[in-house]
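In: build the 3D model from these lines:
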Amino acid sequence: MSHDRRQRALVIGGGGMLSDCVEQLLAQGWHVVLPSKRYRPLGKCPKLDGSGGTARWVRADWSAPAALARDVARELDGPADLLVAWLPENHRVPVLRAVGGSLAGGAGVVEVYSCAELPGGLPEPALPEHVTQRVALGYIPLRRGRRHANHAETSAAITAAVTRALRDAPPEADQIGEPDIWPHLAQLRS
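Out: Have a look, this model is predicted:
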């Protein structure tokens, strides 16, 4: 079945914290391909009428990017107009470069990072030929200690980045909370 009239999105790691993004795309009629390690049904996906989108899950093995790219291309059934990805940092570049061939020329890209995995700051985008919006999720300082950004904060930041990507806005990097400074403090003390 061809999805030629529909916009296509590739949302890598589409379960969990990216589920709100996926649900919004589906409600807007997108064809969304969701590679992830484990199948996670969309819990609160709205009931969609005939104009709603479609979602296809793809089993992902981050250590086999070529096989993943092949499976993604088959499920997309055409070039993707949007890529949203939240991957472990050690797999980010190989996976995104492998699936990059499935993107349309002007496709927007959103990369989401966990600051805990980025001791040297934000990395360069994996696909420099595409305008990339970046979201770095850090820790929210509290009076005593800190906490991870919650689901609502994370979803809002990702939604804002996707909106910018779809509007062809210049690239931006949003940081929610503060980076993980504890390892750096330990290094300074030694």
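
In: and the contacts of the longest helix along the chain?
Out: The longest helix of the chain (DSSP state H) is helix 151-166. Residues outside helix 151-166 that contact it (C-beta atoms under 8 Å, 6 or more residues apart in numbering): 17-18, 20-21, 24-25, 82, 84, 108-110, 112, 131, 133-135, 137, 140, 149, 172, 174, 176-177. For the C-beta atoms, the positions are set from N, CA and C on the backbone; glycine is no exception.

In: looking at this protein, which helix or strand is least sure?
Out: helix 182-189 (a mean of 40; mean pLDDT, DSSP states H and E).

In: which residues does the closest residue to residue 178 other than its chain neighbours contact?
Out: The shortest distance from residue 178 to any non-neighbouring residue, by C-beta to C-beta, 6 or more residues apart in numbering, is to residue 138 (4.7 Å). Residues in contact with residue 138 (C-beta under 8 Å, 6+ apart) are 115, 149, 175-180.

In: for residue 138, phi and psi?
Out: phi -110, psi -150 (degrees, to the nearest 10).

In: and the gap between it and residue 20?
Out: Distance from residue 138 to residue 20, counting by C-beta to C-beta, to the nearest Å: 19 Å.

In: do the same with residue 37
Out: In terms of C-beta to C-beta, residue 37 sits 19 Å off from residue 20.

In: how about the strands in the chain?
Out: Ranges of strands within the chain are 8-12, 31-36, 54-59, 80-86, 103-114, 132-137, 139-142, 145-148, 173-176, based on DSSP state E.

In: and those strands, which is most packed in?
Out: strand 8-12 (a mean of 27; mean count of other C-beta atoms under 10 Å).

In: count of residues packed around the closest residue to residue 88 other than its chain neighbours?
Out: The shortest distance from residue 88 to any non-neighbouring residue, by C-beta to C-beta, 6+ apart, is to residue 62 (6.6 Å). By other C-beta atoms under 10 Å, 18 other residues sit near residue 62.

In: what sits against residue 62?
Out: Applying C-beta under 8 Å, 6+ apart, the residues near residue 62 are 37, 68, 87-88, 91, 95.
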